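Enquirer: next input, structure requested:
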Amino acid sequence: MSVNPSRQDAPRKPRPWWLGLCVLAMGALWLNGARGIASTTNYIGVGPAAIILAVGIGLTVLGVVLIAQARRGDLVASPDGEEEAPPSRSAFLLALAGVSIPLLTIRWLGFPLTAMLAFTLVTHAFGSRRTGLDLAVGATLGSVAWFGFSRLGISLGPFLPLLG
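Expert: The predicted structure is shown next:
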């Protein structure tokens with residue numbers, strides 16, 4: 001039995017299987033959150049749980065694909081032989097917190113404040129350090145979305161439940 005020396009001598013690259021596992025867990029969290037949302041609809045027969053369900057299914061599928069790619073060692077290499085930075089676990093965890101926070105806080109903080117926090121966490125995961133601006137943009141986008149859904153007759157709950 002011959003052994004290929006070039007294959008044995010090559011340093012083994014780390015396989016970030018944990019990335020797929022985290023995406024899979026995030027999908028499971030979204031699917032669980034979609035179960036708790038009432039399926040009442042007032043517009044085109046699609047309720048608020050439909051988007052959360054679609055995101056959960058998508059994340060679950062992507063998590064499985066990432067795990068399979070990591071096991072085979074098929075994760076895409078950087079083009080032109082550039083040095084590739086290792087995946088940042090802290091950035092991934094910040095982004096995970098940002099997309100998970102709506103499932104945990106929307107009922108008692110309301111849509112605009114939850115969107116503000118989620119937006120800020122995700123922008124920080126991507127490297128932003130302008131917290132004040134990120135909070136303002138998140139609050140603005142969340143408020144505009146809340147009013148837009150309200151005009152369509154879709155209730156996202158009270159605007160600011162903390163205020164009563």
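Enquirer: least trustworthy helix or strand in this protein by mean pLDDT?
Expert: Taking mean pLDDT, DSSP states H and E as the measure, the helix or strand of the chain with the lowest value is helix 5-9, at a mean of 52.
Enquirer: how about the next helix or strand after that one: buried residues?
Expert: Note on helix 5-9: by DSSP states H and E, the next helix or strand toward the C-terminus is helix 17-35. For helix 17-35, burial by neighbour count (16 or more other Cβ atoms under 10 Å) applies to 19, 20, 22, 23, 24, 26, 27, 29, 30, 31, 33, 34. The C-beta positions use only the backbone N, C-alpha and C, and glycine is treated the same way.
Enquirer: my read: residue 114 touches residue 102, true?
Expert: Yes. With contact defined as Cβ atoms under 8 Å, residue 114 counts as touching residue 102 (5.1 Å).
Enquirer: looking at the two, which is more packed in?
Expert: Neighbour count, other Cβ atoms under 10 Å: between residue 114 and residue 102, residue 114 has more, with 23 against 19.
Enquirer: distance of the more buried one relative to residue 101?
Expert: From residue 114 across to residue 101, the span is 6 Å (Cβ to Cβ, to the nearest Å).
Enquirer: so which strand or helix has the residue nearest in space to the middle of the chain?
Expert: Central residue of the chain (Cα atoms, centre = their mean): residue 99, 4.1 Å from the mean position. Per DSSP H and E, residue 99 falls inside helix 89-109.
Enquirer: just residue 129 next, same as before
Expert: Here residue 129 is assigned to no helix or strand, by DSSP H and E.
Enquirer: for the chain, longest helix please?
Expert: Longest helix of the chain, by residue count under DSSP state H: helix 48-72.
Enquirer: report the angle between the axes of the helix holding residue 99 and helix 17-35?
Expert: Going by axes from the mean of the first three to the mean of the last three Cα atoms, to 10 degrees, helix 89-109 is angled at 10 degrees with respect to helix 17-35.
Enquirer: beyond helix 89-109, next helix or strand please.
Expert: helix 111-125.
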